[in-house]
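below are the sequence and a predicted model; questions follow.
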Amino acid sequence: MLKTNRLFLVVLFLFIITSCQGTENNLKNRSPVIESLTLDKTEIFVNDVVILTCNASDPDNDKLTYTWTTTGGSIQKLSNEPWKAQFTATTSGNYTVTVSTDGKDIASRQIVLEVKPKTQSNPPANNPPRYKEGIGKIPDVEISQGEKALFDFKDYIEDPDGDDVTFSIISGQGTINGSKYEWQTSFETEAKEYIVKFEAKDAKKCITPRKFQNNVEGRYKQSTNY
């Protein structure tokens, strides 16, 4: 009987120790993981605004908070997207940006930003031609057989940098003289929709391809057979 009691106590003791270890393992929190820290620019110049993005996750699905710091310049967390931050510097140099994610544990990552001085060899980026404000596209041209489609591209398209813009047809009907488009139909032109693809190119060879549509309606023709 005594031996049986001792055996029971040994088994009970081992069971309690194993249960405690299992509970401790279950309660152990895993740290967040930062997979990447990226920028939206390949080169940074003085007074540029750079957006940094921290791609992080938590193995235990804990809610993450983000803390951004920098050794120079200024950095500000985006309120609606805290995993992103906006960085800018008024002087050139190398700046170390650190992001920390905090669930129940903390993970952090650093990146060094090289901010270059602006010189004449670093001109501002060229912007391509675009539709004027409030204009989403060139409206469809509605004509009847025998009529002429005619409009001026400059009524719809501009260059945000003030560069001269040239227009050319890639495919479709009509011709362009300067910035004026025209297409003369005949009574034999088939009544249907015609898609015209064109490109707008600025003085720095920046091209914006676009398209518009000519809608040709049928016209009644009086018979000459009496």
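It's in. Numbering: from 1, shown residues only.

and the residue nearest the centre of the protein?
A centroid search over the chain (CA atoms, centre = their mean) returns Asp40, at 9.3 Å, as the residue closest to the centre.

ok now do that residue, which residues does it touch?
Listed by CB atoms under 8 Å, 6 or more residues apart in numbering, the contact partners of Asp40 are 50-53. The way it works is simple: take the backbone N, C-alpha and C, and place the C-beta from them, glycine included.

just the ones of these in strands?
Secondary-structure check on the contacts of Asp40 using DSSP state E: residues within strands are 50-53.

most neighbours, which of the residues you listed?
Within the ones in strands among the contacts of Asp40, neighbour counts (other CB atoms under 10 Å) peak at Leu52, which reaches 23 neighbours.

was I right about that one contacting Thr38?
Yes: using CB atoms under 8 Å as the test, Leu52 is close enough to Thr38 to be in contact (7.1 Å).

please parse the protein into its domains.
In the assignment given by automatic domain parsing, the structural domains of the chain cover 33-116, 130-217.

just the mean pLDDT for the longest one, thanks.
Okay, so that is domain 130-217. For domain 130-217, the mean pLDDT works out to 90.

before we move on, what about stretch 55-74?
The average of the pLDDT scores along stretch 55-74 is 90.

ok, back up a step: and which of the ones in strands among the contacts of Asp40 is nearest Phe151?
Closest approach between the ones in strands among the contacts of Asp40 and Phe151, by CB to CB: Ile51, at 39.4 Å.

kindly state the beta-bridge partners for the closest one.
The partner list for Ile51 in beta bridges (DSSP bridges) reads Gln86.

contacting residues for it?
Contacts here follow CB under 8 Å, 6+ apart; on that basis Ile51 touches 39-40, 84-87.
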